[in-house]
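J.: sequence and predicted structure are below.
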Amino acid sequence: MDSDEGSELYASDVEHNYATNIFKEFESDGLIDSYKPSFDAYFTHASSRTRTSTNVFSQRVVPLSPEEHNAALARASAHISTPHVPFDSSSFKRWARELDEGFNILFYGLGSKRGILNDFAKHVSRRGHVVVVNAFHPSVTVRDMLASIARVPGVQSTSTSAPTQERIAEHFASSDSPHLFLIVHSLDRSPKLARAISSFALSPNIHIAASIDRLNAPLLFSASQLAARKGSFFSSDRATKNVGYGWLWHDLTTLAPYTSELAFADRTSISGASSSRARVDITNPVSGPLTETAAIHVLAAVTAKAKKLFSLLAAKQLENADSSDVSEVNSALSPHDQQHFGLTYDALFTLARDAFIATNDTALRALLGEFRDHGLVVSAAQPGTSGSEVLWIPLRKERLSKLVGNLDGDAT
């Protein structure tokens, strides 16, 4: 009996000592904060400083130039194969039935939907008039869409005035009007077209099948417009007061390339490449971004002194970039940001005179004039000074180093 009671006391003492040791270990490791109340723990962690890493992706990987970007697109286009899309005539019949039931259809998903929607337009052409709108085309306007709808017999009156949304809505609101099937490609590319379509989308004789490509495309439509439905409340005397879409959403993922949709896009305007020159050089604007190829062609046509002056300015710009803070160099993603590493005109004149490149102001400005005209050297007023000018080369550090290396190799 005594031995049993002693064993129980011994066991409880061991458990108590073990828990005490664990608590002390947590306290020494800094884990005791977990035992604080929730509000104390929140303020403890919220008061600590957040660390921001200076390792950015643009510093690790050199961005593509416009030439490299176009070459990569050409190589990728050669290997693109259009995948099999599981949509056939049975899908067309179901979509046509949904349009007859008073819905408008909005297709979303990854890949171009233009080919399937054009086939669907042929399918419904036997049931009414069809108008196809390429909203991805930058020159397509609301006036163009209304003019195409006005070609439907009976829509355009005898007057020579341009068709309006109100006139179109009133015409197709009548029970004896023909059916109109409006096929819109990439509706999210033109918010103006989307707003114009909402004024007559609830007409019982207008059926809309549209596609969207962007993730934020649903933000174009308000909650009331999405909840609106076609019905008997739509009458010709108040046709223009019924605004909405009546969408029925369908996933139309095709994985097909956006060949037609991107035909009018500026493929040189990629993130990290050279920006627009109008933003960089305000006093000496030129057209098009500066590339390595263009710089090499210009340097091949200038005199030896001009090449030495360019190498001198480039060496000083690279030296200033190397001596600057790493975060400041990482943030200089555009040519305008390279101004921080540029050289004042007085400092450049002193260096050029010591190197016997230009002995007077007239000679230096004559050498710089060739580079200014072609955008190799740009200038701007130095902030905080009266009339002091800063000169720099609108190329990123990696590409400028490569260009200087090519110049040094040609000189030797």
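T.: Happy to help now that I have it. Numbering: from 1, shown residues only.
J.: in PDB, list the C-alpha atoms belonging to the helix or strand residue 75 falls within.
T.: For residue 75, the host element (DSSP states H and E) is helix 66-78. Listed next in PDB are the C-alpha coordinates belonging to helix 66-78 (Å, rounded to 0.1, in the frame of the first residue of the first chain):
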ATOM      1  CA  PRO A  66      12.400  44.000 -78.900                       C
ATOM      2  CA  GLU A  67      14.500  42.000 -81.500                       C
ATOM      3  CA  GLU A  68      14.900  39.000 -79.100                       C
ATOM      4  CA  HIS A  69      11.200  39.100 -78.200                       C
ATOM      5  CA  ASN A  70      10.100  39.100 -81.900                       C
ATOM      6  CA  ALA A  71      12.600  36.200 -82.600                       C
ATOM      7  CA  ALA A  72      11.200  34.200 -79.700                       C
ATOM      8  CA  LEU A  73       7.600  34.700 -80.900                       C
ATOM      9  CA  ALA A  74       8.600  33.600 -84.400                       C
ATOM     10  CA  ARG A  75      10.200  30.400 -83.100                       C
ATOM     11  CA  ALA A  76       7.200  29.700 -80.800                       C
ATOM     12  CA  SER A  77       4.700  30.300 -83.600                       C
ATOM     13  CA  ALA A  78       6.400  27.600 -85.800                       C
END
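J.: other SSEs contacting it?
T.: Using 3 or more C-beta pairs under 8 Å, 6 or more residues apart in numbering; DSSP states H and E, no helix or strand is in contact with helix 66-78. From N, CA and C alone the C-beta is placed, and that goes for glycine too.
J.: what sits up against the helix or strand hosting residue 373?
T.: Taking DSSP H and E as the definition, one finds residue 373 inside helix 361-374. Residues outside helix 361-374 that contact it (C-beta atoms under 8 Å, 6 or more residues apart in numbering): 284, 286, 294, 298, 302-303, 305-306, 309-310, 348-349, 352, 357-358, 377-379, 391.
J.: what segments of the stretch 101-250 of the chain are helices?
T.: Applying DSSP state H, counting those that start in this stretch to the stretch 101-250 of the chain gives helices spanning 114-124, 142-150, 165-173, 191-197, 223-227.
J.: and the ones you listed, which one is worst for confidence?
T.: Here the helices of the stretch 101-250 of the chain differ in mean pLDDT, and the lowest is helix 165-173 at a mean of 79.
J.: and that helix, what does it pack onto?
T.: Applying 3+ C-beta pairs under 8 Å, 6+ apart, we find helix 165-173 packed against helix 142-150.
J.: can you tell me the closest non-neighbouring residue to residue 127?
T.: Closest residue to residue 127 apart from its sequence neighbours, by C-beta to C-beta, 6 or more residues apart in numbering: residue 179 at 6.2 Å.
J.: same thing with residue 254?
T.: Leaving out its chain neighbours, the residue that sits closest to residue 254 by C-beta to C-beta, 6+ apart is residue 111, at 3.5 Å.
J.: count the neighbours of the one you found for me.
T.: Using other C-beta atoms under 10 Å, residue 111 has 18 neighbouring residues.
J.: ok, now residue 136?
T.: For residue 136, the count of nearby residues is 24 (other C-beta under 10 Å).
J.: surely it meets residue 193?
T.: No. Look at residue 136 against residue 193 with C-beta atoms under 8 Å: they stay out of range, at 10.5 Å.
J.: between the two, what contacts are shared?
T.: With C-beta under 8 Å, 6+ apart, residue 136 and residue 193 have no common neighbours.
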